[in-house]
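A.B. asks: Using only what follows, build the 3D model:
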Amino acid sequence: MELWVQSYGILPYFCRKNMKKIHFIAIGGSIMHQLAICLQQAGWEVTGSDDEIFEPARSNLAQQGLLPATLGWFPNKIDAQLDAVIVGMHAKADNPELLAAQQQGIPIHGYPQYIYEHARYKRRIMVGGSHGKTTTTAMIMHVLRQLGRDFDYLVGARLADFDSSVRLTNDAPLMVIEGDEYLASPLTPFPKFHFYQPHIAILTGIAWDHVNVFPTFEEYVEQFRIFIRTLPPQAILVYYQHDKHLVRLLQDELWAEQLQLIPYGTPDYESTETGSNICYEGESFDLLIFGKHNLQNMAAAQVVCEKIGINPHDFLKAMTTFAGAARRLEKVAQNKHSVCFKDFAHAPSKVKATTEALKTQYPHRRLIACFELHTYSSLNKDFLHQYQHALAAADVAIVFFEEHTFAIKKLPLLTIADVQKGFQRADLLVFNNTKDLQTFLDQQDYHNTNLLLMSSGNFGGLDMIDLQKHWQ
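C.D. replies: Model (predicted):
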């Protein structure tokens, strides 16, 4: 397996104690900026660049003195004093800073390479799949923290009770990693989760995404096949047993016979006013989470925790205080008869699961679901049909897109008719102007009505503070 890793050009540059200066190209990424902060706090001299930085990365970087003074790419930031450059996938292969680093022979890596090198001698737990990765990773982290276990981690969101989304130490015996299937960097165009070689892995399911790099569903599925082949013999693979694509893949893949395969499904539960209730050996556990997809995530996390010595009772007791990850069904405002939720959902399966979960949890309340087309896949006209019926559970369904986003991703602009056809909903409301969306939302009566805002962006700068007045 070490030979396989070396085939990606991973060298132990980051293990050299005398290395102290590093530059991040595309420092504004959700993980990139947290890794930059982590290394600065460990004593490195850190610099970075990006051409667009959103919240919360902007504020986090500014607080640590790492926010670039000017947005853009500046080759003069690259000099022979740098020990290494970490490049994010937001940067292109012709990025001026990247070209300068190549010309000067400075070691260049994507962050997954660094993470593997750091955790090479730790027991690695990785959560992968097309949906639920962040929440499932957060659940494992929460339980480990509650039970006093020492561990390093990398997760795609800021979590309550955790100072950052990246922790790297010399002594922690475990590392919990959220394993994304998107590409690591323009120089290592392989999915991030191909690098980690975990001893225990979760695959939550397979639902086509990232069409800019995997233009067919078959190519996307192949990345999961390759991942399975990177697992060491006798590694534990926990998988969702009702995902037909995942099950078929495991049945067809010969290397799966060398692994310990453990299926999971949806545990028995009851919905409550505050979340869900689980019973185990006669004891009742009230949870703050709700929705089938979240209960499935918890089932996967429970299997992993059992494999590292945590019994189900202790796991469930710890889970009673788990409130979720940031922007994953996050409550941003509420009163007695209404809640405003924010969610990171952007892929079709995530939008559908999140919308259905809210309607199921609050069946007697009207649900206004607003989804922003922001990722490359969602902005692609040929992919839009994947969203058909994704908002079916909402009483009022809204889709928003911003022309500026198409320009950045160099995609042809969609029309309102394109969006309505893709979602297959005759009463779908489509907005392409933030001011019009803000006006519409302000005009709604939120009595006995929940609002769900789903996006990997920020709806073109929607004024959330102003919107929250409806819940005061």
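A.B. asks: avg pLDDT for stretch 459-472?
C.D. replies: Averaging the model's pLDDT scores along stretch 459-472 yields 92.
A.B. asks: Can you give the contact residues for it?
C.D. replies: Stretch 459-472 has contacts (CB atoms under 8 Å, 6 or more residues apart in numbering) with 332-335, 338-340, 342, 370, 372, 400, 402, 404, 433-434, 437-438, 441-442, 444, 446, 453. For the C-beta atoms, the positions are set from N, CA and C on the backbone; glycine is no exception.
A.B. asks: Among those, which lie within helices?
C.D. replies: Judged by DSSP state H, the contacts of stretch 459-472 include His404, Thr434, Leu437, Gln438, Leu441, Asp442 as members of helices.
A.B. asks: Narrow the residues you listed to those that are buried.
C.D. replies: The neighbour count (16 or more other CB atoms under 10 Å) marks Thr434, Leu437, Gln438, Leu441 as buried among the ones in helices among the contacts of stretch 459-472.
A.B. asks: ok, the first one to Ser49 distance?
C.D. replies: Shown here: Thr434 relative to Ser49, a distance of 27 Å by CB to CB, to the nearest Å.
A.B. asks: can you check the last one too?
C.D. replies: Applying CB to CB, the value for Leu441 to Ser49 is 35 Å.
A.B. asks: for the third one, same thing?
C.D. replies: With distances taken as CB to CB, Gln438 is found 32 Å from Ser49.
A.B. asks: Buried among the contacts of stretch 459-472? Make that a ChimeraX selection.
C.D. replies: This is how ChimeraX selects the buried members of the contacts of stretch 459-472, with burial counted by 16+ other CB under 10 Å:
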select :333,338,339,340,342,370,372,400,402,434,437,438,441,446,453
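A.B. asks: pretty sure Ile202 contacts Val127?
C.D. replies: Yes: counting by CB atoms under 8 Å, Val127 is a contact partner of Ile202 at 4.6 Å.
A.B. asks: Need the residues touching each of these two.
C.D. replies: Both Ile202 and Val127 are contacted by Thr136, Ala300, under the criterion CB under 8 Å, 6+ apart.
A.B. asks: which one of these two has more residues nearby?
C.D. replies: Regarding Ile202 and Val127, a neighbour count based on other CB atoms under 10 Å identifies Val127 as having more, with 32 against 28.
A.B. asks: Could you look up the SS state of the more buried one?
C.D. replies: On the three-state scheme (DSSP: H, G, I helix; E, B strand; the rest coil), Val127 is labelled strand.
A.B. asks: Gly148 too?
C.D. replies: Secondary structure assignment for Gly148 (three-state DSSP): coil.
A.B. asks: cool, and Asn60?
C.D. replies: helix.
A.B. asks: Determine the three-state secondary structure at the nearest residue to it once chain neighbours are set aside.
C.D. replies: With CB to CB, 6 or more residues apart in numbering as the measure, His33 is the residue that lies nearest to Asn60, at 5.9 Å, once sequence neighbours are left out. Per three-state DSSP, the secondary structure class of His33 is helix.
A.B. asks: Quick one: residues contacting His33.
C.D. replies: For His33, the contacting residues are Phe24, Ile27, Gly48, Ile53, Ala57, Asn60, Leu61, Leu66, taking CB under 8 Å, 6+ apart as the criterion.
A.B. asks: Quickly note the distance from the residue with the largest distance to the centre of the chain to Tyr220.
C.D. replies: Relative to the centre of the chain, and counting by CA atoms, centre = their mean, the farthest-placed residue is Gly282 at 35.1 Å. Distance of Gly282 to Tyr220, given as CB to CB: 44 Å.
A.B. asks: Equivalent analysis for Ile278, please.
C.D. replies: Looking at Ile278 against Tyr220, where the rule is CB to CB, the gap reads 33 Å.
A.B. asks: go on, Leu187?
C.D. replies: Distance, Leu187 to Tyr220, using CB to CB: 21 Å.
A.B. asks: For Gln334, give the beta-bridge partners.
C.D. replies: Under DSSP bridges, the beta-bridge partners of Gln334 are Val339.
A.B. asks: Arg225: what's it in contact with?
C.D. replies: Arg225 neighbours (CB under 8 Å, 6+ apart): Leu249, Glu253.
A.B. asks: thinking again about what came up before, tell me the one of the ones in helices among the contacts of stretch 459-472 nearest Leu428?
C.D. replies: Out of the ones in helices among the contacts of stretch 459-472, the one with the shortest distance to Leu428 is Leu437. That distance is 13.6 Å, counting by CB to CB.
A.B. asks: contacting residues for the closest residue in space to that closest one that isn't next to it in sequence?
C.D. replies: Nearest-residue entry for Leu437: Phe431, 4.3 Å, with adjacent residues in sequence omitted and distances by CB to CB, 6+ apart. Taking CB under 8 Å, 6+ apart as the definition of contact, the neighbours of Phe431 are Ile398, Val399, Phe400, Phe401, Leu437, Phe440.
A.B. asks: partners of Phe431 in the sheet?
C.D. replies: When bridges are called by DSSP bridges, Phe431 pairs up with Phe400.
A.B. asks: Could you report the pLDDT at it?
C.D. replies: In this prediction, Phe431 carries a pLDDT score of 96.
A.B. asks: again with Arg327
C.D. replies: 76.
A.B. asks: Please apply the same query to Ala426.
C.D. replies: In this prediction, Ala426 carries a pLDDT score of 90.
A.B. asks: what's the closest non-adjacent residue to it?
C.D. replies: Spatially, and ignoring its direct neighbours in sequence, Ala426 is nearest to Gln420 (7.7 Å; CB to CB, 6+ apart).
A.B. asks: got the buried residues for whatever helix or strand that neighbour lives in?
C.D. replies: Using DSSP states H and E, Gln420 sits in helix 416-423. Taking 16+ other CB under 10 Å as the basis for neighbour counts, the residues of helix 416-423 that come out buried are Val419, Gln420, Gly422, Phe423.
A.B. asks: right, and out of these, which lies closest to Ala326?
C.D. replies: When the buried residues of helix 416-423 are compared for distance to Ala326, the smallest value, 26.7 Å, is given by Phe423; criterion: CB to CB.
A.B. asks: need the contact list for the spatially closest residue to the closest one that is not a sequence neighbour.
C.D. replies: Using CB to CB, 6+ apart and skipping residues adjacent in sequence, the residue nearest Phe423 is Tyr387, 5.2 Å away. Listed by CB under 8 Å, 6+ apart, the contact partners of Tyr387 are Pro348, Val351, Ser378, Gly422, Phe423.
A.B. asks: what about 6 Å?
C.D. replies: When the contact criterion is CB atoms under 6 Å, 6 or more residues apart in numbering, the partners of Tyr387 are Pro348, Gly422, Phe423.
A.B. asks: got it, and His245?
C.D. replies: When the contact criterion is CB under 6 Å, 6+ apart, the partners of His245 are Ile206.
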